[in-house]
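A.B. asks: After the sequence you'll find the predicted model.
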Amino acid sequence: MLSLVTTHSAIWYVILAHIILMIGAPLAMSPSQTSALNSLKGLESADGSAILNTMQQIVGALATALSTSFLTVGRNAVSGSAAYKFTNSVHYGMYFTIALTIIGFVVALFVKDDGKYID
């Protein structure tokens, strides 16, 4: 929804899109983390939790840096008003996020549960 925002979009649309994004992200993250940690036994789960949290911080920092870079590229790619440049830069950031989501879905298709850690 945010990738479709224009300079003439209603504020309620932007707020609604952001609310959906902020509700959907944790709804996707919690089950995936639980599933990943459930595949570990005993003491491994503490290490898995630490690794998961560390990777979440590292990937979050890298994704933020890349998104900011795409925002700058998007702003510099067009000429016009500041609002138009900002909207275009947000589109670049959203396209990056959509690409990461598609890559994640494709990778998830190849994850298989072999049942080896289930008691």
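C.D. replies: Noted; the coordinates are in hand. Numbering: from 1, shown residues only.

A.B. asks: Number of residues surrounding the residue nearest to His18 when sequence neighbours are not counted?
C.D. replies: For His18, the nearest residue in space outside its immediate sequence neighbours is Leu2; the separation is 7.2 Å by Cβ to Cβ, 6 or more residues apart in numbering. Heads up, the C-betas are built off the backbone N, CA and C, glycines and all. A total of 17 residues lie near Leu2 under the criterion other Cβ atoms under 10 Å.

A.B. asks: Give me the pLDDT value at the residue nearest the centre of the chain.
C.D. replies: Nearest to the centroid of the C-alpha atoms of the chain, with distances taken as Cα atoms, centre = their mean, sits Thr97, at 5.7 Å. Here the pLDDT value assigned to Thr97 is 82.

A.B. asks: and it, what does it touch?
C.D. replies: Contacts here follow Cβ atoms under 8 Å, 6 or more residues apart in numbering; on that basis Thr97 touches Ser67.

A.B. asks: For the one helix or strand it maps to, buried residues please.
C.D. replies: In the assignment (DSSP states H and E), Thr97 maps to helix 82-109. Of the residues in helix 82-109, those scored as buried under the neighbour-count criterion (16 or more other Cβ atoms under 10 Å) are 85, 87-94, 96-97.

A.B. asks: Tell me the one among those residues nearest to Met55.
C.D. replies: Set against Met55, the nearest of those by Cβ to Cβ is Thr97 (18.2 Å).

A.B. asks: distance of the closest one from Thr72?
C.D. replies: As defined by Cβ to Cβ, to the nearest Å, Thr97 lies at a distance of 16 Å from Thr72.

A.B. asks: Could you do Leu40 as well?
C.D. replies: For Leu40 relative to Thr72 (Cβ to Cβ), the value is 40 Å.

A.B. asks: Have a look at those two and say which one is more surrounded.
C.D. replies: In this comparison of Leu40 against Thr72, neighbours counted by other Cβ under 10 Å, the higher total goes to Leu40 at 16 against 13.

A.B. asks: so what pLDDT did that one get?
C.D. replies: The predicted local confidence for Leu40 comes out at a pLDDT of 79.
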